[in-house]
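Chemist: next input, structure requested:
(2 chains)
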Protein chains: 2
Amino acid sequence: MGGDPHKENVMSQTRGDVWSPVITPFGADLAADIRRFVAHCQWLVSHRVGLAVFGTNSEANSLTVGEKQQLLGALVEGGVDPARLMPGTGQCAIGDSVALTREAVAAGCAGVLMLPPFYYKGVSDEGLFRFYSEVIERVGDSRLRLYLYHIPPVAQVPLSLELIERLRDAFPGTIAGIKDSGGDWSHTQALIDSFAGDDFAVYAGSERFLLDTLRAGGAGCISATANVNPGAIAGLAASWQVEDADDRQQALNVLRDLFERYPLIPAMKAATAHFSGVADWRRVRPPLVELDDERAATLVSSLEEMGFRMEGLGAASHG
Amino acid sequence: MGGDPHKENVMSQTRGDVWSPVITPFGADLAADIRRFVAHCQWLVSHRVGLAVFGTNSEANSLTVGEKQQLLGALVEGGVDPARLMPGTGQCAIGDSVALTREAVAAGCAGVLMLPPFYYKGVSDEGLFRFYSEVIERVGDSRLRLYLYHIPPVAQVPLSLELIERLRDAFPGTIAGIKDSGGDWSHTQALIDSFAGDDFAVYAGSERFLLDTLRAGGAGCISATANVNPGAIAGLAASWQVEDADDRQQALNVLRDLFERYPLIPAMKAATAHFSGVADWRRVRPPLVELDDERAATLVSSLEEMGFRMEGLGAASHG
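Modeler: Below is the predicted model:
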């Protein structure tokens, strides 16, 4: 029974779920550093954070499909529990989305987080419906749990409530939830009011909305800064009904505010480099640019003033 | 001497150049129809239009890298002159852009048309400079002629004049031109004023600006509707100094206006289906949606009223 993937999926949808869109480490030649990636994932899991690898904060679209397949394989071989994996598999081309999604399902991942195709803008709900339908039908596997990825500030292709409803009706049991990275609480609230339940998990795209999401009936958050602050975020998510929950939410927000004063991905990588002692963590792939030395030093000194730490990270990163 | 690729490249940059971002034919299973693709390309070349395959109008980002490699190979094997080829090779991931660009250079293509990475928005010139530099250096081939692709309405990642200047300085001889699909003539004019010359070709992204571009010192156009109206567009480009040039530009605009009343890619495919007698041409890949029967019929009847034809297309499409 423990190996039943459906049971695993249900478990992963318990309210109080936190996932990290895992940052991707690169070497001097910009190649992904597989060993460091696996170690970082293991560190996150040890802080009760799930692995939404290949997200926006993973620089996933700066990786080829082949690179993602290699990294996913390394995680599974490295002993990471697939029930803690929700890889991003949405690509502009149906064939690429199908290839990655098939691999995720075969590996026993809890689900996949799927961007809409993001090159064309102003596309219709009908076109988006056909895209997702085509991918689901080609994957053709009842084990697939597909989480939609709504991130209009970046993808610039929003997913409407009507589209979500149509997809849920067409693929009950497969369309399992959504990540809302729109940054607008009223939209997350509308998603929860319309769809949230045992069969549909609504995740906020930032821990800033964690408590609001859980109180309203959502599942939790899938948040960039869960890469650097996993313990505190997962801690609040796991015990959100405690008396001092609002204070703890406020403490999460203070750290989030600090990171948001910088370009988020380079800032998280600079912090990870400092606290792990692995300078290579600073590196990003173009078109992103790493923080310069001065800004990295300012961020680190702000973090140290706050008493911020990334406990156990160094050891894990040196794996 | 005739085989010198540099000579071919110089020839392809003669003012009065028209390229078509070739529409891609799909079969019932949405697979690319290779035979029909090669035939359409041969038909375009017979009308003196170059082949900017894998552009926005080609649904290039709805194709996998492997599919594009297969289609490019089929064109070369099918006897299409590589000097008439300018494939789009810009992908979000450096590794993908390098793979496609290498293949285009190895095939002897006149050049490549390269989108910036288009997932992240608001990226810096420094990040874009690093992206293009990395691709050029990894391809590492002096035969590469790279045409930048500025299409902010779709990619939402503009290429600034400062970035272009910096790339030209860093890679003289390689950065060979730009396609401006911004739809704003004053920007095309600024590009021509700043950069146009024997070593830098400025192409308008629509034949609507063909005469203005040529008169100002630009190279020509790379235009969607060159898929359906190649002869007239290439004809004006080749003889733009004739007395009735403005009337001929006006006639091109009337046809362009008609197509722009519809979603452009589905409309061009509907017209091609009708005039070739191959109904499969209607098909697009999600997230695009084909014209419904009623709109397709309205478009076709407008075209027939205008006396519009696509001469020789049927025969070529049946190959």
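
Chemist: in which helix or strand would I find residue A:296?
Modeler: According to DSSP states H and E, residue A:296 maps onto helix A:293-305.

Chemist: with residue A:178 instead?
Modeler: Assigned by DSSP H and E, residue A:178 falls in strand A:175-180.

Chemist: which residues are contacting that strand?
Modeler: A:9, A:13, A:52, A:111, A:113, A:145-151, A:159, A:164, A:167-168, A:187-188, A:191, A:195, A:199-205, A:219, A:222 (Cβ atoms under 8 Å, 6 or more residues apart in numbering or on different chains). Bear in mind the C-beta positions are built from the backbone N, C-alpha and C, glycine included.

Chemist: near chain B, which residues of the stretch 1-150 of chain A?
Modeler: Within the stretch 1-150 of chain A, the positions lying close to chain B (Cβ under 8 Å from any Cβ of the partner chain) are A:30, A:56, A:61-67, A:92-96, A:116-121, A:123-124, A:126-128, A:130-131, A:134.

Chemist: helices - which of those land there?
Modeler: The members of the residues of the stretch 1-150 of chain A next to chain B that map onto helices under DSSP state H are A:65-67, A:94-96, A:126-128, A:130-131, A:134.

Chemist: looking at the residues you listed, spot the one nearest residue B:296.
Modeler: Using Cβ to Cβ, residue A:126 comes nearest to residue B:296 of those, at 15.8 Å.

Chemist: what's the burial count for the closest one?
Modeler: 14 (other Cβ atoms under 10 Å in any protein chain shown).

Chemist: which ones are touching it?
Modeler: When contacts are counted by Cβ under 8 Å, 6+ apart, residue A:126 touches residue B:289.

Chemist: next: residue A:235.
Modeler: Taking Cβ under 8 Å, 6+ apart, we find residue A:235 in contact with A:48, A:248.

Chemist: what of residue A:28?
Modeler: A:280, A:283.

Chemist: and the helices in the stretch 1-150 of chain A?
Modeler: A:5-12, A:34-46, A:65-77, A:94-106, A:125-139 (DSSP state H, counting those that start in this stretch).

Chemist: apologies, that question was intended for the stretch 201-319 of chain A.
Modeler: For the stretch 201-319 of chain A, the helices defined by DSSP H, counting those that start in this stretch occupy A:210-216, A:230-238, A:245-260, A:264-276, A:293-305, A:313-317.

Chemist: tell me which of these sits most buried.
Modeler: Looking across the helices of the stretch 201-319 of chain A with neighbours counted as mean count of other Cβ atoms under 10 Å in any protein chain shown, the highest average goes to helix A:264-276: a mean of 23.

Chemist: tell me the helices and strands packed up against that helix.
Modeler: Helix A:264-276 makes packing contacts with helix A:245-260, helix A:293-305, helix A:313-317 when contacts are defined by 3 or more Cβ pairs under 8 Å, 6 or more residues apart in numbering or on different chains; DSSP states H and E.

Chemist: JSON lines for those, including mean pLDDT and distance to chain B?
Modeler: JSON lines is the format used below for the helices and strands packed on helix A:264-276 (pLDDT from 0 to 100; distance: least, Cβ to the nearest Cβ, whole Å):
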{"stretch": "helix A:245-260", "mean pLDDT": "98", "distance to chain B": "14"}
{"stretch": "helix A:293-305", "mean pLDDT": "98", "distance to chain B": "13"}
{"stretch": "helix A:313-317", "mean pLDDT": "60", "distance to chain B": "24"}
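
Chemist: quick one, which of the ones you listed gets closest to residue B:287.
Modeler: Closest approach to residue B:287 among the helices and strands packed on helix A:264-276 is made by helix A:245-260 (30.8 Å; Cβ to Cβ).

Chemist: I'd like the distance from the closest one to the chain centre, please.
Modeler: Taking Cα atoms, centre = their mean, to the nearest Å, one finds helix A:245-260 lying 19 Å from the centre of the chain it belongs to.

Chemist: for the stretch 1-150 of chain A, give me the ranges with low pLDDT.
Modeler: Within the stretch 1-150 of chain A, the stretches with pLDDT under 70 are A:1-14.

Chemist: repeat that for 90
Modeler: A:1-16 (pLDDT under 90).

Chemist: buried residues in stretch A:18-38, which are they?
Modeler: A:18-26, A:30, A:32-34, A:36-38 (16 or more other Cβ atoms under 10 Å in any protein chain shown).

Chemist: just the CA coordinates for stretch A:286-295, please, in PDB.
Modeler: Output of stretch A:286-295 as PDB, limited to C-alpha atoms (Å, rounded to 0.1, in the frame of the first residue of the first chain):
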ATOM      1  CA  PRO A 286      22.100  34.300 -19.400                       C
ATOM      2  CA  PRO A 287      19.800  36.200 -19.900                       C
ATOM      3  CA  LEU A 288      20.000  36.500 -16.100                       C
ATOM      4  CA  VAL A 289      23.000  38.200 -14.500                       C
ATOM      5  CA  GLU A 290      24.500  37.300 -11.100                       C
ATOM      6  CA  LEU A 291      24.500  40.000  -8.300                       C
ATOM      7  CA  ASP A 292      27.700  42.000  -8.400                       C
ATOM      8  CA  ASP A 293      30.100  41.600  -5.500                       C
ATOM      9  CA  GLU A 294      29.000  44.800  -3.800                       C
ATOM     10  CA  ARG A 295      25.300  44.000  -3.900                       C
END
